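[1] sequence and predicted model, in that order:
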Amino acid sequence: MPADYYDLLGVDRNATDEQIKRAYRKKARELHPDSTGGDSGSEEKFKEVSLAYEVLRDPERRRRYDMFGPEGSGNQFGPGGPAGGFGDPFFSGSLSDLFDSFFGSSGMSGTRGRSGRAGPERGQDVETVMNVSFEEAAFGCEKDLTVETLVTCEVCSGSGATPGTTASRCSQCGGTGELRRVRQSILGQIVTATPCNYCDGTGETIASKCNACKGEGRIRESLHISVSVPAGVDDGTTLRLAGRGPAGRRGGPKGDLYVHLQVSASDRFSREGADLYAELHVPVPGAVLGTSIPFETMDGEEIIDIVKGTQSGHVIKLKGKGVPNLNGRGRGNLYITVIVDIPTTLTPEEEELYRQLAKESGEAVKHHSARSRLRSLL
Ligand SMILES: [Zn+2]
Ligand SMILES: [Zn+2]
């Protein structure tokens, strides 16, 4: 059950609009990163509180909330709380502005500051998939990746203007690249800056466009980049390469490149986090009498000691022979499950020995099969 909106704000159900507003301001200040150190828990809390306020400040939504609960108030806040991650689709409009005014654009990944510095627009964030082998994922690697991307036009150095000419200041925005709108809110004035549509936020207009890039300041190119894969990544890990995405228009900074890793399976190991699992096949005599068997770990050969009387299914733990932890601290373990191999074919001599063994231990066994009797005659 999502928390009650009145409880979230700490007001009672017949609180006045003014009381609700005051309660919200107070909560918002408490949950501000300056007072909490910016932990994600209070960020989540702030979202919940803001959402409660969004509903209760609106008389119509408040009325429906009182009657039908969260479903009736028209919010998308499911039982699990607000969805995290970038994009955060349910935050939009004024609420998002409010949020930015508190936490800055870094408070929510994927949200760009609306009141940020004027200038050419930043390039897009893009994503791609890269395949890495099981071993490369475990121990890390440098890998070349080819991406179709937008790079700064060399002819005009990204300005978009024909070399020798310059861009002139945009008359619409006076060169700031943004159009400002001032609005009153419960937190005081909020200045919303949107990119100038006349100059596309660049602050400049170009009379003579560069031929190579048609005034874009960037061109499409296939680029080889070297990706450093840290040790301990797993299938589905995403690497964010900041500033290695496409160039922005007219000299705008580069976006980010997100690389989703696809790790191929190993035919010898399975993996769970930093731990590895493998099997070791041991013949019957070795399991019964004890033996030592070489085993190829990810760090090279190890001699595995099989003690006398080892059972099939017995697990041997090799500490620290797993995959390095992604945080750089320590390694997981390697768990080797012993599989005692019961022979399915025997030489006549072996069969004779097993029969003697059965006799010795008083075990009733099946008689010679016709086939093995035939074999013993040859
Ligand atoms: Zn150009
Ligand atoms: Zn402009």
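    Perfect, I can see it now. Ligands and ions are numbered 1, 2, ... in the order given.

[2] what bits of the stretch 51-200 of the chain have low per-residue confidence?
    Within the stretch 51-200 of the chain, the stretches with pLDDT under 70 are 71-119.

[3] if I pick the closest residue to Glu204 other than its chain neighbours, what's in contact with it?
    What sits nearest to Glu204 in space, not counting adjacent residues and going by Cβ to Cβ, 6 or more residues apart in numbering, is Ala167, at 3.6 Å. For every residue, glycine as well, the C-beta is placed using N, CA and C. The contact partners of Ala167, taken as Cβ atoms under 8 Å, 6 or more residues apart in numbering, are 159-161, 202, 204-207, 250.

[4] apply 6 Å and report the result again.
    The neighbours of Ala167, taking Cβ atoms under 6 Å, 6 or more residues apart in numbering as the test, are 161, 204, 206.

[5] could I get the contacting residues of the residue in the stretch 201-350 of the chain positioned nearest to ligand 2?
    Closest to ligand 2 within the stretch 201-350 of the chain is Gly203: 5.8 Å, counting by Cβ to the ion. Taking Cβ under 6 Å, 6+ apart, we find Gly203 in contact with 118, 170, 175-177.

[6] try 10 Å
    By Cβ atoms under 10 Å, 6 or more residues apart in numbering, Gly203 lies in contact with 118-120, 167, 169-170, 172-178, 195-196, 250.

[7] and Gly255, by the same measure?
    Here Gly255 is in contact with 121-126, 149-150, 242-248 (Cβ under 10 Å, 6+ apart).

[8] and for Glu216?
    150, 153, 156, 158, 160, 209-210, 247-250.

[9] how about these in CSV, adding neighbour count, distance to Leu280 and secondary structure?
    Formatted as CSV, the contacts of Glu216 follow (neighbours: other Cβ atoms under 10 Å; distance: Cβ to Cβ, whole Å; DSSP: H, G, I helix; E, B strand; the rest coil):
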residue, neighbour count, distance to Leu280, secondary structure
Leu150, 23, 52, strand
Cys153, 24, 59, coil
Cys156, 26, 64, coil
Gly158, 22, 59, coil
Gly160, 27, 64, coil
Lys209, 17, 68, strand
Cys210, 23, 65, coil
Ala247, 26, 53, coil
Gly248, 24, 55, coil
Arg249, 21, 59, helix
Arg250, 29, 62, helix
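
[10] what about ligand 1: which of these touch it?
    Contacts with ligand 1 within these, as defined by Cβ under 5 Å from the ion: 153, 156, 210.

[11] neighbours around the closest residue to the residue of the stretch 201-350 of the chain closest to ligand 2 other than its chain neighbours, how many?
    Spatially, and ignoring its direct neighbours in sequence, Gly203 is nearest to Gly177 (3.7 Å; Cβ to Cβ, 6+ apart). For Gly177, the tally of surrounding residues (other Cβ atoms under 10 Å) stands at 23.

[12] ditto for Val182
    Val182: 8 surrounding residues under other Cβ under 10 Å.

[13] of the contacts of Ala167, which is the nearest to ligand 1?
    Of all the contacts of Ala167, Ala161 has the smallest distance to ligand 1: 7.8 Å, by Cβ to the ion.

[14] could I get stretch 311-321 in CSV with only the CA atoms?
    Output of stretch 311-321 as CSV, limited to C-alpha atoms (Å, rounded to 0.1, in the frame of the first residue of the first chain):
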residue,chain,number,x,y,z
GLN,A,311,30.7,-38.9,-2.8
SER,A,312,29.2,-37.9,-6.1
GLY,A,313,27.7,-34.4,-5.6
HIS,A,314,30.4,-33.4,-3.0
VAL,A,315,31.3,-29.7,-3.5
ILE,A,316,34.8,-28.4,-3.2
LYS,A,317,35.3,-24.7,-2.6
LEU,A,318,38.3,-22.9,-4.0
LYS,A,319,38.3,-19.6,-2.2
GLY,A,320,39.0,-16.5,-4.3
LYS,A,321,39.1,-18.4,-7.6
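
[15] give me the residues contacting that stretch.
    Here stretch 311-321 makes contact (Cβ under 10 Å, 6+ apart) with 274-278, 280-282, 284, 287, 295, 297-299, 302, 304-307, 310, 330-342.

[16] out of those residues, list just those in strands.
    275-278, 280-282, 295, 297, 302, 304-306, 334-341 (DSSP state E).

[17] could I have the buried ones of the residues you listed as ChimeraX selection syntax?
    Of those, the buried ones can be selected in ChimeraX as follows, counting by 16 or more other Cβ atoms under 10 Å:
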select :275,276,277,278,280,282,295,297,304,306,334,335,336,338,340
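
[18] and the helix or strand Glu148 falls within, what's buried?
    Using DSSP states H and E, Glu148 falls within strand 141-152. Residues of strand 141-152 classed as buried: 141, 143, 145, 147, 149-152 (neighbour count, 16+ other Cβ under 10 Å).

[19] present the residues you listed as JSON lines; the columns should include distance to ligand 2.
    Compiled in JSON lines, the buried residues of strand 141-152 are given as follows (distance: Cβ to the ion, whole Å):
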{"residue": "Cys141", "distance to ligand 2": "46"}
{"residue": "Lys143", "distance to ligand 2": "42"}
{"residue": "Leu145", "distance to ligand 2": "36"}
{"residue": "Val147", "distance to ligand 2": "31"}
{"residue": "Thr149", "distance to ligand 2": "27"}
{"residue": "Leu150", "distance to ligand 2": "22"}
{"residue": "Val151", "distance to ligand 2": "25"}
{"residue": "Thr152", "distance to ligand 2": "21"}
